[in-house]
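Undergrad: Sequence unavailable; structure follows:
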């Protein structure tokens, strides 16, 4: 049966680095699924700090990360497979999927993706919530269970615990039986206690190093120039893993036999996303979405993300959900 796919689509692009206002809502040609790709009708796109760091030029200036201009930002997507390219057997038209693209381009009505970085959408959540999952949840999951192996009884401190990566890290660490210390502003205390933090620290009133001690693992989702205060809360032999760029004294770390790992940005595999889906569908992990904006108003989402004060995830709505018109499959 011939598939009726439009030739153009709406997308958010920036033609030059700058403030959120450089994000333009434009008509552009629709991409097509090449060999080994799927074409996804995007229902929602997740917003991550890396999106505004690219848009603002910070990634270019500080980390020499360049993108081809004009550029469509965004990596996290949830939507429906519209077409499959030659050689793709894992998904078929109509499948509800979520995951990450390898080339950005999530802020659009359609995008192409490598199926090895997609999985079937969790059945217990909608596309808005699912779009908030891939990068942040995978970062937390990979930090806790691959880069380290947190076990029951250990103490994990999450700096920026109410944010995207942070609120997932809190839940995953608690599910593993760890004692969790959450660091965030006071307005997020009730939220984080509901997620299960054992000790809450309001960084606006209390220096973290005055309260937290003998921590096995610090997950720093905030970064910045003041990372050394987090080293002092670790027990000898402890580990600090940043999920963004920050400054940490190698001399201090060496003197206390501490391990400070580098920031590593990875794409989740289908199998890893499937494991995360199970955690969501069994109720062990919930997705907190604090802002939903229509695609055309992506600049508002970037403003909040860049402020550093978002709770949970920010998501762009691309399709207004009315009734399901996709195939629900949960295994390959």
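TA: Thanks, I have it. Given the structure is predicted, the values throughout are model-derived calculations rather than measurements. Numbering: from 1, shown residues only.
Undergrad: ok, now which ones touch residue 53?
TA: Applying C-beta atoms under 8 Å, 6 or more residues apart in numbering to residue 53 gives the contacts residue 59. Heads up, the C-betas are built off the backbone N, CA and C, glycines and all.
Undergrad: And for residue 83?
TA: Residue 83 neighbours (C-beta under 8 Å, 6+ apart): 3, 5, 32-33, 38-39, 93.
Undergrad: Residue ranges in the stretch 201-332 of the chain under the pLDDT threshold?
TA: Scanning the stretch 201-332 of the chain for pLDDT under 70 picks out 321-332.
Undergrad: rerun at 80
TA: The model of the stretch 201-332 of the chain has pLDDT under 80 over residues 256, 263-265, 321-332.
Undergrad: Strands of that one, residue ranges please.
TA: 215-220, 234-242, 259-260, 289-294, 313-317 (DSSP state E, counting those that start in this stretch).
Undergrad: contacting residues around the shortest one?
TA: Residues lying outside strand 259-260 but in contact with it, judged by C-beta under 8 Å, 6+ apart, are 231, 237-240, 242, 248, 250, 253.
Undergrad: how distant is the helix or strand containing residue 52 from the center of its chain?
TA: Assigned by DSSP states H and E, residue 52 falls within helix 49-56. How far helix 49-56 lies from its chain's middle: 13 Å, per C-alpha atoms, centre = their mean, to the nearest Å.
Undergrad: the inter-axis angle of that helix versus strand 313-317?
TA: Relative orientation of helix 49-56 versus strand 313-317 (axes from the mean of the first three to the mean of the last three C-alpha atoms, to 10 degrees): 70 degrees.
Undergrad: let's number from 445 now, not from 1
TA: OK, 445 is where the count begins now, so the last one is helix 493-500.
Undergrad: Show the average pLDDT along helix 493-500.
TA: Mean pLDDT, helix 493-500: 94.
Undergrad: in the host helix or strand of residue 633, what counts as buried?
TA: Counting by DSSP H and E, the element that carries residue 633 is helix 633-639. For helix 633-639, the neighbour count (16 or more other C-beta atoms under 10 Å) marks 633, 635-636, 639 as buried.
Undergrad: Report the central residue of the protein.
TA: Ranked by distance to the mean C-alpha position of the chain (C-alpha atoms, centre = their mean), the top residue is residue 580 at 2.6 Å.
Undergrad: could the strands of the stretch 645-776 of the chain be laid out in a markdown table, adding mean neighbour count and distance to residue 575?
TA: As requested, those are arranged in a markdown table below (neighbours: other C-beta atoms under 10 Å; distance: least, C-beta to C-beta, whole Å):
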| stretch | mean neighbour count | distance to residue 575 |
| --- | --- | --- |
| strand 659-664 | 24 | 23 |
| strand 678-686 | 19 | 24 |
| strand 703-704 | 18 | 32 |
| strand 733-738 | 17 | 9 |
| strand 757-761 | 26 | 5 |
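Undergrad: Can you say which of the ones you listed is nearest to residue 627?
TA: Proximity to residue 627, assessed across these by C-beta to C-beta, is greatest for strand 659-664 (9.3 Å).
Undergrad: Helices of this protein, start to end?
TA: Ranges of helices within the chain are 493-500, 502-507, 571-575, 578-586, 608-619, 633-639, 652-655, 672-675, 694-699, 714-725, 742-751, based on DSSP state H.
Undergrad: Distance to residue 602 and pLDDT for the buried residues of helix 633-639 - can I get that in JSON lines?
TA: Output for the buried residues of helix 633-639, formatted as JSON lines (distance: C-beta to C-beta, whole Å; pLDDT from 0 to 100):
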{"residue": "633", "distance to residue 602": "14", "pLDDT": "98"}
{"residue": "635", "distance to residue 602": "13", "pLDDT": "98"}
{"residue": "636", "distance to residue 602": "9", "pLDDT": "98"}
{"residue": "639", "distance to residue 602": "10", "pLDDT": "97"}
